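> need coordinates for the following:
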Amino acid sequence: MKERFELASARIREISITRPDKDAGEKDAGVSEKISQYCQYTVDFFVELLTIYERRKDEKEISLEEKKNWNQVLYAAIEGKQYETSYTNPSYARAQFGSLGDYLCYFSSHFRGGIEDVFAGDEESLLLKMELFLQIYTILTTEEEVERWLKETLYYYVHDYDEFFARKQVAELVDESRDRVVKIIMESDLSRPDYLYEYGLYITENEIATADFLQSLPLETIQLVAKTYTEGYRKGFEVAGIDLSKKKTVNIRYHVGFERIIREAVMQFRDMGLEPIIYIKGNTNNIGVSTTPANKQYLYDHRFDDALYLNHALVKDRLSHLEKAFRQFQEKAAVFAGPAVMEVFGENLFVPQTKKEAPAYGEEQQKLSVEYRTNATLIQNRYIKPEERSFTIIAFPIPEIGENFEKIFSETIRVNTLDMEMFQKIQQALIDALDQAQYVHVTGRGDNHTDIRVALHQLSNPEKETNFENCLADVNIPVGEVFTSPKLEGTNGILHVTKVYLNQLRYENLEMEFKDGMIASYSCSNYETEEENKKYIKENVLYHRDTLPMGEFAIGTNTVAYAMGRHFDIEAKLPILIAEKTGPHFAVGDTCYSMSEDIVLHNPDGKEIVAKENECSALRKTDMEKAYFNCHTDITIPYDELGDIYAVCPDGSEIAIIQQGQFVLEGTQMLNELCKES
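As a prediction, this is how the structure comes out:
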C-alpha cells in the first residue's frame, strides 16, 4: 500500500504542476475549460490534503494560526454563499456540466471525506479516494463516452470497496483500541483552543465559546453535569435488570467544545469498568462526535447520494459485508454496552431548499432503502443484543442560542437535575388515572385543531400491571413523562402542531390523520405546493414509507423545561429530548420498546409494564421484517396549544387530566406551580 500511496501522491502533484488541459493526451483539444477547472480545483484540494497529512506526520509543533488556516481552507468551498458556486452543489454542477454534473458533484462530495482520513491518519481510505480521482481524471481527459464511464466507475468503486468500508464502520462502532479521539480528550490542554482543530471538523464560535465557557465553571459543576450523564446511563441498566458488569465499552457521542465534561465522564465510566469508544461523525458514520455544520443545505442536498447507484445487488452485498464485519468483531460487539449521547441545541433554525437536481430515490430504490435499514438493524441486533444493552441521552445549549447562553446553560442544568422523587409521585398519580381508561381523548385549542382518541391496552390484572412507564431521569434525561405503546385499532383522529422542529428540520402546520393507529394522510405548509410538502414529510418523517404506526403516546410533565423555553423564547430550538417533556407527544414509527418487548420492566410501584408492543411489533414472532420500521419521531403539542386530555373509561365516564393546558388531576397540580415559579 505504501508504494501505491506514493505513486498516487506523485501523480496528483504532477497534475497540479501541469495544467489538466495540457495533460489530456489524445483528448487535449476536446477538454472543455469547465472540465479543466473542475480537475484543477479537485487536484488542488488533494494537494492541500497531502500537505496537511505530511505536516501532521512530522515532529514540528503546529501553531494555532496554522491549524485555523487549514480549517478555513478545507471548508471554504461549502461555506455560506461560496456553496452557490461549489462543485458539491448539485444545482451548480448540473448547470456547469449537464447530466455529467450529477456524478461530478457526487465525487466532489465524496472526496471531502478525505479531510476525516487525513486527521485520523487513515492512509488507506485516503489512498482509495486519490486513486478514484485519478481514474476520473483519465476519463475526463481521454474518453469519449464520459458519462457512461463515470457511471461505471462510481458503481464499481462502491461495489469493490464496500466490504472495506463496512469493516471500518463496524470497527469504529465496537473497537476501543481506535482511541484517537479519546486521546484528544484525555491528553490535550483543554485551557487552550488548539485541541479543537485536532478533530478535523469544522470549527466555529460555537465550539470555541463553549470550551471557553466550560473552562470558567467550577470543577464541582462540571462533575455534577458529568455525573448526571453517567449515572443516568448506569440507572438505565439497573431499571432494565441488565448486568452492566458484563460489559466493557461505552460509545460516547458529544459536540466539540464539551471536552471538559466528557473528560470527567470518561473517568466516571472507567470507574464502572467501561472503556470509551468515540468516533467522528463523518463519511462512514452519520452519528458520532460533531460540530456546527459548515452548511446544512450541503448535508441536505447529499442525503440521498446513493440514489446514483443503489440496486438490489448492492443491497444484498452490503448486508453480506455488514454481517461478515460483525462476525469479525463479535467478541467486542458482545461486550459493547450502548451509546451515551450528549446532544446540543440552540442552532439557527433551518428550512431546507428542495433542489430538483439533488439525487433522489426512485420508487424501487425507496423500497431498497427501507429493506436495507431494516435488515442492517437486524444484523446488528444479532451481535449487540437489544436486551443486553442500554443508553442515555442528555442535551445542553450552545452559544448560537443567543445572548442568554450562559443563563440558559445554567437553567438547563437545573432542568436536568430536578427532584426525581417528587416527579415519581406526580407521575404515579397520572398513571393511576390513565390505567383506568379504555382510550385517551386529546384536543388542541386556539389555532391547534388536534382531536384524537388514543386506544389503550386492556389490563388483565390492574393490581399488578400498568400500561404506562413512569419515566424518570435515567436513560432519557431530563425527568418528566409517562408513556405507553398504544393499541393501533381504535386510535383515530387528527394530530396537528402549528410549528415543530423534528430531526433538525422545521415544519409549519404539520398535520397527520390516523386511522386505526396508522398514518392515513399528512400535510404541512412549508412549501407552496401540496406535492412539495408531502414529499418533505415522506422523505424526512416517514423515511420513504407510505405509512407508519403511532408507536408511542406520552404526557410530558416537565413544566420547568416548558417555562425555560417560554422565558428565553427558545421553544422552537429545544431538542426533542426536552421538548417531548413539555406537553403530550405522539411518536410515529417503532415503539419505545422496539426489539426489547420481552424484557420484563416494572415501575417504582412494583407494577409490571405490559403495553410494550402494538399490532405491528407483535409480528416479530412471525415476520420480523414487517414488525419494525427503524425510526421513531416524537411530535409534541406544547401546553399553550393544548386543549384537554381526558381518560375515558370503559363505562363512558371521564377523568380530567388536563383542561385548557392546565393539570387538573388531583396530585398533579404542583406542575402548574412549577411552571409559574420558573
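> hey, let's count contacts and neighbours off CA atoms from now on
Fine.
> for the spatially closest residue to T559 that is not a sequence neighbour, grab phi and psi.
Leaving aside its sequence neighbours, T559 sits nearest to C675 (CA to CA, 6 or more residues apart in numbering; 5.0 Å). Dihedral pair for C675: phi -60, psi -40, per degrees, to the nearest 10.
> for C675, what are its contacts?
By CA atoms under 8 Å, 6 or more residues apart in numbering, the residues touching C675 are 559-560, 562-563.
> so how far is Q660 from it?
15 Å (CA to CA, to the nearest Å).
> can you map out the helices along the stretch 51-200 of the chain?
Taking DSSP state H, counting those that start in this stretch, the helices of the stretch 51-200 of the chain run over residues 64-75, 90-97, 100-111, 114-120, 123-142, 146-174, 180-187.
> which stretches of the stretch 1-150 of the chain aren't confidently modelled?
19-31 (pLDDT under 70).
> number of nearby residues for L100?
17 (other CA atoms under 10 Å).
> re the thing from before, among the contacts of C675, which are in helices?
Residues of the contacts of C675 located in helices (DSSP state H): 559-560, 562-563.
> stretch 587-604: end-to-end distance?
24 Å.
> who are the contact partners of S290?
Per CA under 8 Å, 6+ apart, neighbours of S290: 201, 254-256, 280-281.
> farthest pair within those?
L201 and Y254 (13.0 Å; CA to CA).
> so for the helix or strand harbouring E3, what gets flagged as buried?
Using DSSP states H and E, E3 maps to helix 2-17. Residues of helix 2-17 classed as buried: 5, 8-9, 11-12, 15-16 (neighbour count, 16 or more other CA atoms under 10 Å).
> now do that helix: which elements does it pack against?
Packing partners of helix 2-17 (3 or more CA pairs under 8 Å, 6 or more residues apart in numbering; DSSP states H and E): helix 33-57, helix 123-142.
> chain center to it: distance?
37 Å (CA atoms, centre = their mean, to the nearest Å).
> between that helix and helix 123-142, how many degrees?
Angle, helix 2-17 to helix 123-142, by axes from the mean of the first three to the mean of the last three CA atoms, to 10 degrees: 40 degrees.
> alpha carbons of helix 2-17, as CSV, please.
The C-alpha trace of helix 2-17 is given here as CSV (Å, rounded to 0.1, in the frame of the first residue of the first chain):
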residue,chain,number,x,y,z
LYS,A,2,2.9,2.4,0.7
GLU,A,3,4.1,2.1,-2.8
ARG,A,4,0.6,2.8,-4.2
PHE,A,5,0.2,5.8,-1.9
GLU,A,6,3.5,7.3,-3.1
LEU,A,7,2.6,6.7,-6.7
ALA,A,8,-0.9,8.3,-6.4
SER,A,9,0.6,11.2,-4.4
ALA,A,10,3.3,11.8,-7.0
ARG,A,11,0.8,11.7,-9.9
ILE,A,12,-1.6,14.1,-8.2
ARG,A,13,1.3,16.6,-7.6
GLU,A,14,2.4,16.1,-11.2
ILE,A,15,-1.1,17.1,-12.5
SER,A,16,-1.1,20.1,-10.1
ILE,A,17,2.2,21.4,-11.6
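> contacts for it, please.
23, 40, 43-44, 46-47, 50, 123, 127, 130-131, 134.
> in JSON lines: the contacts of S290, plus secondary structure and pLDDT.
Output for the contacts of S290, formatted as JSON lines (DSSP: H, G, I helix; E, B strand; the rest coil; pLDDT from 0 to 100):
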{"residue": "L201", "secondary structure": "coil", "pLDDT": "97"}
{"residue": "Y254", "secondary structure": "coil", "pLDDT": "97"}
{"residue": "H255", "secondary structure": "strand", "pLDDT": "97"}
{"residue": "V256", "secondary structure": "coil", "pLDDT": "98"}
{"residue": "I280", "secondary structure": "strand", "pLDDT": "94"}
{"residue": "K281", "secondary structure": "coil", "pLDDT": "91"}
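> from those, which is closest to Q458?
For those, with Q458 as the reference and CA to CA as the criterion, the closest is Y254, at 40.8 Å.
> got a list of what the closest one touches?
262, 288-290, 341-344.
> kindly recompute the last result at 6 Å.
289, 342 (CA atoms under 6 Å, 6 or more residues apart in numbering).
> again, but for the one 3 residues further on
Remark: with contacts taken as CA under 6 Å, 6+ apart, G257 is in contact with 207, 210-211.
> any chance of the residues you listed in CSV, plus secondary structure?
Output for the contacts of G257, formatted as CSV (DSSP: H, G, I helix; E, B strand; the rest coil):
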residue, secondary structure
E207, helix
T210, helix
A211, helix
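> strands paired with the helix or strand hosting A647, and their directions?
Element membership of A647, judged by DSSP H and E, is strand 642-648. Strand 642-648 pairs in its sheet with strand 439-444 (antiparallel), strand 654-659 (antiparallel), by DSSP bridges.
> averaged pLDDT, the last one. What do you get?
Pointing back at strand 654-659 there. Here strand 654-659 scores 97 as its mean pLDDT.
> beyond it, next helix or strand please.
Assigned by DSSP H and E, the successor of strand 654-659 is strand 662-663.
> give me the neighbour count for G200.
Other residues close to G200 by other CA under 10 Å number 18.
> nearest residue to it other than its sequence neighbours?
G200 sits nearest to F119 (CA to CA, 6+ apart), 5.5 Å away.
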